[in-house]
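[1] Task: produce atomic coordinates for the following.
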Amino acid sequence: MFDCSHQNLEELPKSVQPETNWLIVGNNNLISLNRTRDYIDKIRSIDASKNKIQNISDNVLLSINRSRTMKQLNLTYNKLTSLPINFKTLKLEKIWLKGNPFTCDCNMLWMINWFNNSTVQDGKEITCGSGKKIGKLIYRLDIFKMGCAPKSI
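    Have a look, this model is predicted:
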C-alpha cells in the first residue's frame, strides 16, 4: 500500500514504490485524472475518494483498461458531473462513484443502464446532483418521464 492521502496533491504521484498494489490518494486536491502514470498497469487498486476530480481523460481510462492487474477504482465524493462513455468499457471488478454531483439529463442515459448492470458497487445509491431530478436515484430514472425516449415515426 502506498498512502498519499491528506498531502494536498494536485495530481497523481509521479512514482510509487515498486511493490505497491494499492494507491491511496484520497482527501487531496486532485481536480482531474488527466495524466497516466507508468505504475497504473502494475497496481491493483486506486482510492481517489474525497478529492475535487471533475474529469478523467481517455488516456487514463485506456491505461486502466490495459492494465492486467487493476481491479478496483474508488472515485466517491468528488466533483464528477458526468463520465466519459468509455468509462463503461473498464474491465474492473469494483468501481465506487457515489457522492458525485452527476447531471441528470439525456446525455447520461447510458449511465442508467450501466449502474444497473455493471461492477459499480454503489450504483443503487448514486443520485442526481443537478438537473430537474436532483436527489433522485439515477438507476431508477425513467427516460420517458425525462423526455429522452426516442420519438416514434
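[2] Which residue lies nearest the spatial centre of this structure?
    Computing the C-alpha centroid of the chain and ranking residues by C-alpha atoms, centre = their mean puts residue 75 first, at 4.9 Å.
[3] list the contacts for that one?
    48, 49, 53, 56, 95, 96, 97, 100 (C-beta atoms under 8 Å, 6 or more residues apart in numbering). In short, each C-beta sits where N, CA and C put it, glycine included.
[4] Need these in a markdown table (columns: secondary structure and pLDDT).
    Shown next, in a markdown table, are the contacts of residue 75 (DSSP: H, G, I helix; E, B strand; the rest coil; pLDDT from 0 to 100):
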| residue | secondary structure | pLDDT |
| --- | --- | --- |
| 48 | coil | 98 |
| 49 | coil | 98 |
| 53 | coil | 98 |
| 56 | strand | 94 |
| 95 | strand | 95 |
| 96 | strand | 96 |
| 97 | coil | 96 |
| 100 | coil | 97 |
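[5] which of those lies closest to residue 33?
    residue 56 (4.5 Å; C-beta to C-beta).
[6] picking that back up, the residue nearest to the centre of the chain and residue 94, how far apart?
    Noted for residue 75: a distance of 11 Å to residue 94, by C-beta to C-beta, to the nearest Å.
[7] can you check residue 61 too?
    Taking C-beta to C-beta as the measure, residue 61 falls 16 Å from residue 94.
[8] For the two, work out which one has more neighbours and name it.
    residue 61 (19 against 13; other C-beta atoms under 10 Å).
[9] so the more buried one sits right up against residue 87, yeah?
    Yes. Counting by C-beta atoms under 8 Å, residue 61 touches residue 87, with 6.5 Å between them.
[10] and stretch 101-114, what's its mean pLDDT?
    The pLDDT scores in stretch 101-114 average 89.
[11] so who does residue 147 touch?
    So residue 147 contacts residue 106 (C-beta under 8 Å, 6+ apart).
[12] I'd say residue 50 and residue 26 touch.
    Yes. In this structure, residue 50 is within contact of residue 26 by C-beta under 8 Å, at 5.0 Å.
[13] Which of the helices and strands in the chain ranks last by mean pLDDT?
    helix 109-116 (a mean of 85; mean pLDDT, DSSP states H and E).
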